[in-house]
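>>> following is a predicted model, sequence given first.
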Amino acid sequence: MKLLTTTTILSLFICFSSHAQCIKGNCYKGHGTFQWENGDMYVGSWINGLPNGQGKFIWDNGDNFTG
C-alpha cells in the first residue's frame, strides 16, 4: 500500500509540475514547500527536483499523507 501511495504522489508531481511552484525553501535539493495551482502542497525533502525521504502531501481540502 505504501508503494502505491508513493507512486501516486510521484505521478502527481510529474503530471502537474508545470502548474506549480516552490513557495519556500529548496525544492531541487534540500527541504522545501511545493504548491500547485489547485492548492495541493508537498512539504519535505527533495533531491534533483523530486521528493525524496520524509515529507507530507496536503490536498487542498485539508486531507494529508505523511510518509
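Arrived safely, thanks for sending.
>>> how about low-confidence regions in the protein?
The chain contains residues with pLDDT under 70 at 1-2, 6-19.
>>> check contacts around Asn48.
For Asn48, the contact set (Cβ atoms under 8 Å, 6 or more residues apart in numbering) comprises Tyr28, Lys29. For glycine as for every other residue, the C-beta is placed from the backbone atoms N, C-alpha and C.
>>> now it: how far from Asn38?
24 Å (Cβ to Cβ, to the nearest Å).
>>> again, but for Gly62
Counting by Cβ to Cβ - Gly62 and Asn38 are separated by 13 Å.
>>> just the helices from this protein, written as ranges.
With helices called from DSSP state H, the chain shows them at 2-16.
>>> can you give me the neighbour number for the nearest residue in space to Ile47 that is not next to it in sequence?
Using Cβ to Cβ, 6 or more residues apart in numbering and skipping residues adjacent in sequence, the residue nearest Ile47 is Lys29, 5.9 Å away. For Lys29, the count of nearby residues is 12 (other Cβ atoms under 10 Å).
>>> Lys29 against Trp46, yeah?
Yes - the criterion here is Cβ atoms under 8 Å, and Lys29 meets it with Trp46 at 6.2 Å.
>>> next, give phi and psi for Tyr28.
Dihedral angles phi and psi of Tyr28 (degrees, to the nearest 10) take the values phi -110, psi -50.
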